[in-house]
Structure formats: C-alpha cells, structure tokens
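[1] I would like to see how this sequence folds:
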Amino acid sequence: MTKEDELKSEDKNKPSSHKNEEEGKGLEDTIEEKLKKSEEKLLRALAETENQRKRFEKEIKDAFEFGGFNFAKETLSLLDNLQRAKISMKNDEILKKSKEFDKFLNNIEILEKDLISIFERNNIKRIDCLKKKFDPNFHQAMMEIEEDNVEPGTVLQEVQPGYTLGERLLRPSFVGVSKKKNQKNDQKSKN
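    Residues are numbered from 1 along each chain as shown. Prediction:
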C-alpha cells in the first residue's frame, strides 16, 4: 500500500469533524423537541385535571342544591291533593252541616300552610303567572280564552300552579291564555 492509500483509508475510518457537528446538532434538536412535547403534554394534563376538578365541584354543588329534585316534584301532588280536598269539602253541602266541619277544614288548612312553608324553606316557590305574559319556559297552555280587553298571550286563568326549585322548573303552571275573538265569529253573531 502506498502512502496515499494509507491516508485515504485513515480518512475513511476517522469521522470528520463536520459529520460529528451535524450528528450532535441532530441529537440536540431531538432532545429539545422531546422536551417541548413533554412540556405540552404536561400542560394539557394539568388543564384537563383543572377542568375535571371544576366539573366535579359543579356536580357536587348541583347535588346539594337539586339532590331532592325528584322528591320535591313528587311532593307537589300532596299539596295538590290537600287543596283539592279543601275545595271539595267546601262544596259538599252535607259536610258543611256537620258540627266538626270547621275543625276538620281548619286542620287541612294548617297542613297546607305547613307544607307550603316547608317548600319555601327549601327554595321551592310557586310560579306567579296570573296577568303575566305567557312564558313557555314556565307555563303550559291548557286552553285559550277569547278576551278583547287584554293583550293576546296573557295568562288569565291558572288551572294548576307551577313550581320552581331554585332556578329549575319543577312543574310548569297549567294555564288559560287570552286570545282575540275571531272576526268570523263576530260577523256570524251580527248576522
């Protein structure tokens, strides 16, 4: 082998400084990229954890506020039945003649007031709807009442009261809503 061949073979076996710099730089980019990716993953995980914590806090708050929602909704029928019983007793002529009538009616009224006060203490409120504009979020129209003296869409009659639990609707008010008299009906009646 000649000296020239030996030098060439040494050059091939020795890594050039230029090659080493490129390889080192490639490793550094890879490490930096990995670090950035890890940092992004960590930030996403922290954000997800924070979102989940907020979700759990809201669920716990809702459970405390509205945990008895179904119970409250079912209990409304007790109040309805007490009120129906009171009306029925007042309309029954035979019961009115009984000497115990006033005492019994008074007891029903006490039960009704107690139940209403329990509702109020637990943030269950009756929806005030008479002479208000019909709101489909709180009212359910059961009938239309022809009335020219009020604006159409005004609640004129409450068939069954509605209630809310805090901001949530327990039961809509069943109502009768005003509408204008039909002109066709007016013309027929004139003829």
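[2] what's the next secondary structure element after the helix or strand harbouring residue 35?
    Using DSSP states H and E, residue 35 sits within helix 17-66. Downstream of helix 17-66, the next assigned helix or strand under DSSP H and E is helix 69-91.
[3] which other helices and strands contact the helix or strand just after that following helix?
    Next along the chain after helix 69-91, taking DSSP H and E as the criterion, comes helix 93-97. The helices and strands touching helix 93-97, judged by 3 or more CB pairs under 8 Å, 6 or more residues apart in numbering; DSSP states H and E, number zero. Backbone N, C-alpha and C define where each C-beta goes, glycine included.
[4] if we can go back for a sec, so how far is the helix holding residue 35 off the chain centroid?
    Computed by CA atoms, centre = their mean, to the nearest Å, the chain-centroid distance of helix 17-66 equals 33 Å.
[5] ok and it relative to helix 69-91, angle-wise?
    Angle of helix 17-66 versus helix 69-91, following axes from the mean of the first three to the mean of the last three CA atoms, to 10 degrees, is 20 degrees.
[6] how much space between the residue nearest to residue 108 when sequence neighbours are not counted and residue 38?
    Sequence neighbours aside, residue 86 is the residue nearest to residue 108 in space, at 5.2 Å (criterion: CB to CB, 6 or more residues apart in numbering). According to CB to CB, to the nearest Å, residue 86 and residue 38 sit 71 Å apart.
[7] the more surrounded of those two?
    Higher neighbour count among residue 86 and residue 38: residue 86, with 15 against 10, using other CB atoms under 10 Å.
[8] check that one and give its pLDDT.
    If you check residue 86, the pLDDT there is 90.
[9] that one contacts residue 109, doesn't it?
    Yes - in this structure, residue 86 is within contact of residue 109 by CB atoms under 8 Å, at 6.7 Å.
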